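Trainee: my questions concern the predicted model and sequence given below.
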Amino acid sequence: MTDNRSNYRKILEASLRGDFDDAERLNAEFSDIPFSDSAVLVGAVFYLAVKHRFSGGADHATVKAFIDEALAEYANAQPPIKPLTAEALVRAALGETELMQGIGAEEAVPVQMSLVYKIVADAELSHADISALLDKGEKLATSWS
């Protein structure tokens with residue numbers, strides 16, 4: 001695990017805990033983190049969160065219902081969440097990896113972050129659960145890089 005990824009994890013953890021002042025402070029402190037280090041961690045955490053959210057299985061209607069909820073909850077997100085991109089990312093995390101074709105990290109990461117926030121909020125994860133998710137995400141990100 002890189003120091004940059006570990007530092008980005010601190011930002012992500014503060015954000016997921018809802019401590020946006022701390023996240024903003026950390027973001028300013030670690031403003032030189034390369035996008036590649038943050039993107040791989042976000043992708044790993046997203047993958048794990050989606051697997052948790054849909055652990056009982058998911059058909060297309062279930063995924064679409066989740067995306068519709070997210071679109072309503074994050075209607076003012078900047079950049080806006082593209083419904084087809086969001087659905088493709090979730091379905092790719094569930095095994096339909098061919099749907100990732102043509103979706104770059106710059107497009108994927110903001111959508112993944114919004115959906116991770118929703119999954120964490122919906123599951124009412126404790127700080128310990130968020131930390132455990134990020135621990136697993138760091139390990140997965142390391143295995144991917």
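Mentor: Arrived safely, thanks for sending.
Trainee: how near is residue 90 to residue 118?
Mentor: Residue 90 is 11 Å from residue 118, where distance means C-beta to C-beta, to the nearest Å. Quick note: C-beta positions are derived from backbone N, CA and C, even for glycine.
Trainee: residue 45 reaches residue 15, doesn't it?
Mentor: No: using C-beta atoms under 8 Å, residue 45 makes no contact with residue 15, being 11.1 Å away.
Trainee: for these two, indicate the residue with more neighbours.
Mentor: residue 45 (26 against 20; other C-beta atoms under 10 Å).
Trainee: could you say which helix or strand holds the residue lying closest to the more buried one once chain neighbours are set aside?
Mentor: Leaving aside its sequence neighbours, residue 45 sits nearest to residue 137 (C-beta to C-beta, 6 or more residues apart in numbering; 3.7 Å). According to DSSP states H and E, residue 137 maps onto helix 127-144.
Trainee: in that helix, what counts as buried?
Mentor: 130, 133-134, 136-138, 140-141 (16 or more other C-beta atoms under 10 Å).
Trainee: export these to CSV and tack on distance to residue 36?
Mentor: Shown next, in CSV, are the buried residues of helix 127-144 (distance: C-beta to C-beta, whole Å):
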residue, distance to residue 36
130, 23
133, 21
134, 18
136, 20
137, 15
138, 15
140, 16
141, 11
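Trainee: so where's the protein shaky on pLDDT?
Mentor: Across the chain, the ranges flagged by pLDDT under 70 are 1-2.
Trainee: where exactly do the helices run in it?
Mentor: Secondary structure of the chain (DSSP state H): helices at 3-17, 20-29, 35-53, 60-73, 83-93, 105-123, 127-144.
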